[in-house]
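>>> Sequence first, then the predicted structure:
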Amino acid sequence: MQLIACPWCGPREETEFSYGGQAHVPYPEHPASLTDEQWAHFVFFRDNPKGPFAERWAHASGCRRWFTAVRDTRTHKFLEEVPR
Amino acid sequence: MADGIPGLTLVHPLEGRRDALAAASVGTLLSLDLEAPVAAVDLRVDPDGSGPAAVGAAVGAALPARPDTWTALPSGLALRLGPDEWLLTSTTADPQDWEFHVDETASAHGGMAVDVSAQRTSVRVRGTAARDLLAFGCSLDLRPAAFPRGRCAQTLLGQAAVVLVAYDVDDLALIVRSSFAGYVADWLVDAAAEFQP
Ligand SMILES: [Zn+2]
């Protein structure tokens, strides 16, 4: 297990956190105007880079806040944790 | 705290484990005691606005400004649970009155306070082995220098979410949701076996 630096609480055990998928996925401005295929892309399709990946994490067992972190998917090393 | 609704007796959620916790205590090494129920409200208010100072004035002491710390109120505690969240307890107020009192001020500053008196219960963990005991199931650095008096933290003890409160080097409290309290008490009794002579 490794420590993840919650922007609010500081370094905490990984088990206190839950994963929220890719960060910076904007909600469609006009959802009703999307085709089924476009909607499916918004709901289901995510990047899967080999390397740094901006992700949403929640400090579920601590302050219960969401934040954005950049994690290297090759090493599982956290490069950056930022509030909101 | 008042005795609750007339005709109903307030019973500690861990009443059935009171004896087991006492039996697991080991002289000055370790003592596990149930803490009397308190009135508690969960306060949510913008930390950058005028709310925290106003609520502090209303409850008689400044709210903790730093994350994961607590301050003493005239008869209770103010624990900072998150950026915009505090837990305020009172040993003397009636829960409904406590909620009304805090919410009256908080809502005037765009915040709110909700009575959570029945949500959590508390176990006091004291003794020279208190920190060693908790460290068996908690990944925080609990050495006195890293977790001194005045600190608190929401974290995991075993599988249960708890609020750890540091009163002193040999004096801590666990605040736990009532539905998890039985598990935590059983965990404490089991872990305390390590210190039995
Ligand atoms: Zn946190």
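Good, I have the coordinates.
>>> quick one: contacts for B:Arg143?
Contact partners of B:Arg143, counting by CB atoms under 8 Å, 6 or more residues apart in numbering or on different chains, are B:Arg131. Every C-beta, even on glycine, is put in place using the N, C-alpha and C of the backbone.
>>> same check, this time on A:Val70
A:52-55, A:78-81.
>>> 10 Å instead, please
Applying CB atoms under 10 Å, 6 or more residues apart in numbering or on different chains, we find A:Val70 in contact with A:23, A:51-55, A:77-82.
>>> same check, this time on B:Ala166
B:69-70, B:130-131, B:142, B:144, B:146-153, B:172-173.
>>> Could you restrict these to the ones contacting chain A?
B:Ala153 (CB under 10 Å from any CB of the partner chain).
>>> Mind checking which of the contacts of B:Ala166 are buried?
With neighbours counted by 16 or more other CB atoms under 10 Å in any protein chain shown, those contain buried members at B:69-70, B:130-131, B:142, B:147, B:150-153, B:172-173.
>>> Just these: which are in helices?
In helices, judged by DSSP state H, the following of the buried ones among the contacts of B:Ala166 are found: B:130-131.
>>> Of the buried ones among the contacts of B:Ala166, which pair is most distant in space?
B:Thr69 and B:Ala130 (19.2 Å; CB to CB).
>>> which SS state does residue 12 fall under?
No chain specified, so I'll use chain A. In three-state terms, and counting by DSSP: H, G, I helix; E, B strand; the rest coil, A:Arg12 is strand.
>>> that answer is for a different chain, and I need it for chain B
B:His12 is classified as coil under three-state DSSP.
>>> Show me which of the contacts of B:Ala166 is closest to the ion.
Comparing the contacts of B:Ala166 against the ion with CB to the ion places B:Ala153 closest, at 9.3 Å.
>>> List the beta-bridge partners for that closest one.
B:Leu164 (DSSP bridges).
>>> just the one 4 residues further on next, same as before
According to DSSP bridges, the residues that bridge with B:Leu157 are B:Ala160.
>>> Pull the contacting residues for it.
Contacts of B:Leu157 (CB under 10 Å, 6+ apart): A:61, B:134, B:136-140, B:163-164, B:174, B:176, B:180, B:183-184, B:187-188, B:191.
>>> and if we set it to 8 Å?
B:134, B:137-138, B:164, B:174, B:176, B:184, B:187 are the contacts of B:Leu157 under CB under 8 Å, 6+ apart.
>>> which parts of chain B sit against chain A?
B:67-68, B:81-83, B:85, B:139-140, B:153-156, B:161 (CB under 8 Å from any CB of the partner chain).
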